[in-house]
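Trainee: Provided below for reference: sequence and predicted model.
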Amino acid sequence: MSTDTDHGLEITGDVADDQRRDRRIRRFLFGCTSITVLTTIAIFAVLFDNTWGFFFDATFSQWVRTSVLNLGVEGLTQRVSFIEFFTDTEWRPSHADDPRYGIPTLLAGTLLITVGAAFLAIPVGTAGALYLSEYASVRTRKYLKPTLEILAGVPTIVYGFFAVSFVTPVLLRPLLEIFGLSIGRNNALSAMVVVGVMTIPMVMSISEDAMNAVPDELRNGAYALGASKYSVSMNVVLPASISGVFASYILAVSRAIGETMAVTLAAGATANFTGNPLAEVQTMTAYMVTSARSTALVGSITYQSLFAVGLALFLITLVANLVNDYVKRRYREVYQ
Amino acid sequence: MSLDTGSDLLSDVDLTWVKRKELLFHVLLFSAAMFGVAMLALLIFDILIETAYGVLILGIDVGTFLTSGASRTWEQAGLLPAIIGSIWLVFLTLILSFVLGVSTATYLEEYAPRNRTTRLIEANLTNLAGVPSVAYGLLALGVFVNGFRMGEILLAGALALSLLVVPIVIVASQEALRAVPDGMRNGSLATGATRWQTIRGVVIPSALPGIVTGTILALARAIGETAPLIMVGAVLEARSTPDPTSLFGSMPTMIYYWAFRPVTEFHNLAALAILVLLIILVGMYGLAFFVRNHYETRV
């Protein structure tokens, strides 16, 4: 901390000038703050505008400019029907004769990987958090917590590479061969594993924070009654911190839904409406990345489809974030 | 009542099963906690093996790799333009996200009235932190690349990354500002300093280590981001050195491209590039921990 207080604190005499500057700076800072709100609005507006252009033959802003403002409201020609978009189980935008746009296909891919990842991250993360908060010595915590931070800081593209170069060929393939099953280079299972691994630190650290907030009086009360450590962990600490633990699950699921590079590399680029974890699937995010790569022409239906899928993704994660917010506020245990 | 009765009572209780269950539970929790560590170890092991195979057996020349651009043949392919691209991206992201993040945090902590609007702004920040990174890529694609007709340039990618990491900088800065005790503010205000003079002369200097640590961690996140850059239109085969107004590639997009090539030698190039990226990341984390431990003063 600097004790050099004469710098910048000199009162130069004209107090009114200083106060005017203070107000100017306040306005500038408020301007910066409003950019964060503007970002949210802009994301939604861009996605909505172009999604309109996906379903109809003009984006929303083009349509408003040409038809509504000139007051000759023209009927819109629909390119993709809502029924097809919401119910078709085929997603093949680049098919030459019969392109189909059924988002359930991509949703199924996202859902499959998210559920699989949750099955790994939730039990392992919760158990790990219990270990950190109830069992670990100060020394273990000192080393384990930074390691978790590193695990959370590994770029997702690295996890993707890990999936195709290690998880599939070295871990999963030999294991599945025992059961007479085979998997290809790209499969949903390896994506589940790596997405699960990358969300474990999130579940662990947020759950552990919630468990640490449980006051020791509750633990000591149970110990005084002769409860074992197992019993204290499972019957006192876990129930008392359940809102925070649950919030960590929602955040992890939301993260898994939005996860992009690891699933693109691991799960592949073939849209499949399937629940088979050994198959190659395409998630919403993976579709966006692989299509953007083939430099879709601006205004083409492929270009607009990126935004339609993006809007669906944005709305799903928005709901997850709102639920998380609600759970945290509604079920927060306050110990004071 | 005699004490003997008590020990008789206890001798009836068989704790063997309870103790076994206790031990099993302990082992289970311990393995869960170590699972992540084991995966991290496997990941690093895998990258090292793939790199070693590439360098020692295939004969990838590290010198060529670090000094040349992308190429059709793996023997001549290198990472230099991608590294320069990443440095530019991080540099621009640093400037944009630092100014935007610290200003916002300062407003929210030092100026903002505790009212509905402020609560809404803060709720929005939590939400922004949860928006998938591809969405920021789509935002930059729709607004900067095609809306403002910037084209698929490095600056558009940096803008996407800045907006993506700004919530991280804001939250870290808010925490750092909150940790400055009110006594220091009041002391300064009592000498007749205006609010801004207090913030600039007293509050920010004292909160700076926390702010810097948060910013470095945000940049560490930005340097590994791939999806927004691909959405913006990053060149996957980065051949020439970029500047802020040219087409660009970055380390993660290069890794993505190589990892997808059918020729397996490129996968070893990808592993080598990952190693370079991880070394840079370790450096950034080390710097962040150093700043946190050496400059952060407990008041």
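Mentor: Looks like it came in fine.
Trainee: show me the contacts for the most centrally placed residue in chain A.
Mentor: Taking CA atoms, centre = their mean, the centroid of chain A lies closest to A:R255, which sits 2.3 Å from it. Taking CB atoms under 8 Å, 6 or more residues apart in numbering or on different chains, we find A:R255 in contact with A:198-199, A:202, B:130. Using the backbone N, CA and C atoms, a C-beta is placed for each residue, glycine as well.
Trainee: so which of the residues you listed are in helices?
Mentor: Among those, the members falling in helices (DSSP state H) are A:198-199, A:202.
Trainee: got TSV for these, with neighbour count and distance to A:L322 too?
Mentor: Compiled in TSV, the ones in helices among the contacts of A:R255 are given as follows (neighbours: other CB atoms under 10 Å in any protein chain shown; distance: CB to CB, whole Å):
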residue	neighbour count	distance to A:L322
A:M198	26	23
A:T199	28	19
A:M202	21	18
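Trainee: quick one: contacts for the residue of the stretch 101-250 of chain A found nearest chain B?
Mentor: Using CB to the nearest CB, the point where the stretch 101-250 of chain A gets nearest to chain B is A:P155, with a distance of 2.7 Å. For A:P155, the contact set (CB under 8 Å, 6+ apart) comprises A:261, B:223-226, B:252, B:277, B:281.
Trainee: what's the closest non-adjacent residue to B:M254?
Mentor: B:A82 (4.1 Å; CB to CB, 6 or more residues apart in numbering or on different chains).
Trainee: can you mark which positions in the strand or helix carrying the one you found are buried?
Mentor: Assigned by DSSP states H and E, B:A82 falls within helix B:80-106. The neighbour-count check on helix B:80-106 (16 or more other CB atoms under 10 Å in any protein chain shown) flags B:80-86, B:88-90, B:92-94, B:96-98, B:100-106 as buried.
Trainee: for it, packing partners?
Mentor: Here helix B:80-106 touches helix A:15-55, helix B:62-67, helix B:154-178, helix B:204-223, helix B:251-260, going by 3 or more CB pairs under 8 Å, 6 or more residues apart in numbering or on different chains; DSSP states H and E.
Trainee: hmm, try it at 6 Å
Mentor: helix A:15-55, helix B:154-178, helix B:204-223, helix B:251-260 (3 or more CB pairs under 6 Å, 6 or more residues apart in numbering or on different chains; DSSP states H and E).
Trainee: which of the ones you listed sits closest to A:A127?
Mentor: helix B:204-223 (26.8 Å; CB to CB).
Trainee: what is the helix or strand just after the closest one packed up against?
Mentor: As assigned by DSSP H and E, the chain's next helix or strand after helix B:204-223 is helix B:227-232. When contacts are defined as 3+ CB pairs under 6 Å, 6+ apart, helix B:227-232 sits against helix A:284-293, helix B:133-140, helix B:154-178.
Trainee: run through who's touching the second one.
Mentor: Counting contacts by CB atoms under 6 Å, 6 or more residues apart in numbering or on different chains, the residues outside helix B:133-140 that touch it are A:42-43, A:46, A:260, A:285, A:288, A:310, A:314, B:156, B:159-160, B:163-164, B:225, B:227-228, B:231-232.
Trainee: could you do stretch B:271-287 as well?
Mentor: Contacts for stretch B:271-287 (CB under 6 Å, 6+ apart): A:158, B:47, B:50-51, B:54, B:79, B:216, B:220, B:251, B:254-255.
Trainee: so for it, mean pLDDT?
Mentor: Stretch B:271-287 comes out with an average pLDDT of 94.
Trainee: from the chain's centroid, how far away is that stretch?
Mentor: 12 Å (CA atoms, centre = their mean, to the nearest Å).
Trainee: check whether the longest helix that chain B contains comes near chain A.
Mentor: As assigned by DSSP H, the longest helix anywhere in chain B is helix B:16-52. Yes - using CB under 6 Å from any CB of the partner chain, we find that helix B:16-52 touches chain A at B:18, B:22, B:25, B:29-30, B:32-33, B:35-37, B:39-40, B:43, B:46.
Trainee: buried set for that helix?
Mentor: Applying 16+ other CB under 10 Å to helix B:16-52 flags B:25-26, B:29-30, B:32-37, B:39-40, B:42-44, B:46-47, B:50-51 as buried.
Trainee: which parts of the stretch 101-250 of chain A sit against chain B?
Mentor: A:124, A:127-128, A:130-131, A:135, A:147, A:151, A:155, A:157-158, A:161-162, A:165-166, A:197, A:200, A:228, A:230.
Trainee: of all the helices and strands packed on helix B:80-106, which one is nearest A:V236?
Mentor: helix B:154-178 (29.7 Å).
Trainee: contacts only, for the residue nearest to B:M254.
Mentor: B:238, B:249-251, B:254.
Trainee: and what of B:W74?
Mentor: B:W74 sits in contact with B:265-266, B:269, where contact means CB under 6 Å, 6+ apart.
Trainee: try it again with 7 Å
Mentor: The contact partners of B:W74, taken as CB atoms under 7 Å, 6 or more residues apart in numbering or on different chains, are B:263, B:265-266, B:269.
Trainee: which among those residues end up buried?
Mentor: Buried among the contacts of B:W74 (16+ other CB under 10 Å): B:265-266, B:269.
Trainee: for these, give me a markdown table that also has secondary structure and distance to chain A.
Mentor: Listed next are these as a markdown table, based on DSSP: H, G, I helix; E, B strand; the rest coil; distance: CB to the nearest CB, whole Å:
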| residue | secondary structure | distance to chain A |
| --- | --- | --- |
| B:E265 | helix | 13 |
| B:F266 | helix | 12 |
| B:L269 | helix | 11 |
